[in-house]
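Undergrad: Build me a model from this:
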Amino acid sequence: MPIEVFLPRVTQTVETVRITQWLKNEGDRVQKGEILFEMEADKANVEIECPGTGVLGQILLAAEVNAPIGTVVALIFPAGEEVRKREPPAPAKGQPGKQTTPPAPPPPPLSAPAADIRATPLAKRMARDLGMDLAAVRGSGPGGRIEKEDVERAQKAAADQAAPRPAKGTIQKLTPKRETIAKRMTRSFTSVPHFYLSVEADLQALRSLRDTHFQREGEGKPSFTALFVFLAARALGEFPQINSSWVEGEGIEVKKEINIGVAVETEAGLVAPVLKNADTLSVPQIVQNLTSLARKARENRLSVEDYTGGTFTITNMGMLGIERFDAIINPPESAILSVGKIIEKAVVIDGGIQVRPRMDMTLSADHRVLDGAAGAKFLVRVKELIENPTVFSAP
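TA: The predicted structure follows:
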């Protein structure tokens with residue numbers, strides 16, 4: 001008997017996936033545990049291991065075809081056993097499959113003789129002048145008699161049907177990754193009661209420290225995003241209620257770990273790989289991890305472990321020129337911090353005008369988990385750490 005290879009479930013939110021690449025061909029010998037194919041699920045490519053040893057006798061699902069979890073995609077036969085082919089599964093909705101010839105349209109109804117059609121003289125004359133077949137006009141008068149208004153209505157309907165229709169744009173089929181993001185964000189925005197808090201922070205001290213402190217330590221200049229992750233992790237340690245999730249029917253779960261997701265732009269859209277235990281990482285470690293995760297995200301090589309388990313997210317669109325924005329919470333987290341562009345502004349300091357680097361930050365929060373005061377205290381604390389970053393020099 002052959003060993004059946006199934007599309008496995010790798011996350012709880014994905015029901016439809018697709019194979020992006022088969023690494024073996026029909027007829028190849030395969031070993032249990034070696035990588036058989038790559039599968040796109042949620043926001044990453046996942047490598048799927050071969051469940052047994054033998055010969056890959058038949059591939060039932062081609063690459064780039066969507067299929068539900070649990071679909072049998074291949075058969076592995078013991079060495080020496082006859083390969084018995086199966087009928088491939090029917091293509092999923094929206095996938096190319098076996099083409100069928102559409103049935104021929106029914107023949108048009110035969111026109112009734114003009115003498116048998118009940119119509120007013122005016123309606124008959126209008127129809128004759130317009131070249132209209134009265135047999136195709138529905139009468140609204142007594143006994144179904146066709147009147148002037150019926151002819152005018154039929155003329156308008158024919159004109160509307162003949163009018164050129166606007167051209168449709170190109171329809172792009174959703175990948176499982178894009179479909180999952182769409183479903184999760186729709187569910188978050190429509191079912192989670194968002195509220196938003198914004199502050200403007202002065203980055204003079206943080207910029208100066210970034211240009212001097214880390215250079216002296218021989219660590220190189222870190223990105224501002226890495227510094228924001230470091231400072232947000234400290235603030236989350238002080239305000240654990242921000243690091244929580246709403247559990248339907250049970251209450252609020254306060255997370256033990258501080259795992260910060262950082263939004264990364266890829267060709268397929270924004271993904272948020274997660275820095276696990278971010279509060280235990282130094283700035284150089286955060287820089288190293290961010291660099292590695294961003295590279296894997298852009299190469300579509302994130303593992304499920306890389307993008308799951310987040311408890312808080314930071315999204316920085318300042319490098320794209322965005323000054324301020326309200327982000328959608330990444331469920332099941334209860335908050336996300338959006339960071340805008342650093343702008344040189346004239347501000348009043350000690351009674352005088354100075355030009356300082358300023359930046360808007362917005363906290364999007366789940367009102368089921370947090371109230372406005374809790375969110376405000378956390379956001380103000382992040383602002384304080386940015387403006388007075390003594391935590392970097394603390395022992």
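
Undergrad: Could you use CA atoms for every contact and neighbour count after this?
TA: Fine.

Undergrad: Direction included, what does the longest strand along the chain pair against?
TA: Counting residues, the longest strand found in the chain (DSSP state E) is strand 352-366. Strand 352-366 has its sheet partners listed here by DSSP bridges as strand 194-202 (antiparallel), strand 335-339 (antiparallel), strand 343-349 (antiparallel).

Undergrad: buried residues in stretch 199-213?
TA: 201-204, 206, 209-210, 213 (16 or more other C-alpha atoms under 10 Å).

Undergrad: Reformat the strands paired with strand 352-366 as JSON lines; add distance to residue 362 and mean pLDDT.
TA: What follows is the strands paired with strand 352-366, written out as JSON lines (distance: least, C-alpha to C-alpha, whole Å; pLDDT from 0 to 100):
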{"stretch": "strand 194-202", "distance to residue 362": "4", "mean pLDDT": "96"}
{"stretch": "strand 335-339", "distance to residue 362": "5", "mean pLDDT": "97"}
{"stretch": "strand 343-349", "distance to residue 362": "16", "mean pLDDT": "92"}
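
Undergrad: quick one: contacts for residue 20?
TA: Shown in contact with residue 20 (C-alpha atoms under 8 Å, 6 or more residues apart in numbering): 37-40, 45, 63-64.

Undergrad: In a strand, it, correct?
TA: Yes: residue state for residue 20 (DSSP: H, G, I helix; E, B strand; the rest coil) corresponds to a strand.

Undergrad: on that earlier part again, looking at the strands paired with strand 352-366, spot the one closest to residue 16.
TA: Evaluated over those, closeness to residue 16 peaks at strand 335-339, with 27.3 Å, by C-alpha to C-alpha.

Undergrad: residues in contact with that closest one?
TA: Residues contacting strand 335-339 (C-alpha under 8 Å, 6+ apart): 242-243, 312-318, 324-330, 359-366.

Undergrad: make it 7 Å
TA: 242, 312-318, 325-327, 329, 360-366 (C-alpha atoms under 7 Å, 6 or more residues apart in numbering).

Undergrad: how far is that strand from where the chain is centred?
TA: Chain-centre distance of strand 335-339: 17 Å, with C-alpha atoms, centre = their mean, to the nearest Å.

Undergrad: Output that strand as CSV, nothing but the C-alphas.
TA: The C-alpha trace of strand 335-339 is given here as CSV (Å, rounded to 0.1, in the frame of the first residue of the first chain):
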residue,chain,number,x,y,z
ALA,A,335,-1.8,46.8,20.8
ILE,A,336,0.4,48.0,18.0
LEU,A,337,2.7,51.0,17.9
SER,A,338,3.0,52.9,14.7
VAL,A,339,6.0,55.2,14.1
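
Undergrad: Give me the buried subset of the contacts of residue 20.
TA: 37-40, 45.

Undergrad: where do the helices sit along the stretch 101-250 of the chain?
TA: Along the stretch 101-250 of the chain, the stretches classed as helices by DSSP state H, counting those that start in this stretch are 121-130, 148-162, 176-191, 204-216, 224-238.

Undergrad: List the buried residues for the last one?
TA: If I follow you right, that is helix 224-238. Burial within helix 224-238, assessed by neighbour count using 16+ other C-alpha under 10 Å, is assigned to 225-236.

Undergrad: so can I have CSV of these showing distance to residue 256?
TA: Converted to CSV, the buried residues of helix 224-238 look like this (distance: C-alpha to C-alpha, whole Å):
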residue, distance to residue 256
225, 23
226, 22
227, 22
228, 21
229, 17
230, 17
231, 18
232, 16
233, 13
234, 14
235, 14
236, 11
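
Undergrad: re the thing from before, and the least confident of the buried residues of stretch 199-213?
TA: Across the buried residues of stretch 199-213, the member with the lowest pLDDT is residue 213, scoring 76.

Undergrad: if I look at that one, how far off is residue 392?
TA: Look at residue 213 and residue 392: by C-alpha to C-alpha, to the nearest Å, they are 9 Å apart.

Undergrad: Going by distance to residue 71, which of the buried residues of helix 224-238 wins?
TA: Closest approach between the buried residues of helix 224-238 and residue 71, by C-alpha to C-alpha: residue 229, at 40.4 Å.

Undergrad: show me what contacts the closest one?
TA: Contact analysis of residue 229 by C-alpha under 7 Å, 6+ apart lists nothing.

Undergrad: Kindly recompute the last result at 8 Å.
TA: The contact partners of residue 229, by C-alpha under 8 Å, 6+ apart, come to 260, 278, 286, 314.

Undergrad: will you turn the contacts of residue 20 into a markdown table that also has distance to residue 121?
TA: Output for the contacts of residue 20, formatted as a markdown table (distance: C-alpha to C-alpha, whole Å):
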| residue | distance to residue 121 |
| --- | --- |
| 37 | 75 |
| 38 | 74 |
| 39 | 71 |
| 40 | 69 |
| 45 | 73 |
| 63 | 67 |
| 64 | 64 |
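
Undergrad: Filter those down to just the ones in strands.
TA: Counting by DSSP E, these place 37-40, 45 in strands.

Undergrad: between those, which is closest to residue 8?
TA: residue 39 (9.4 Å).
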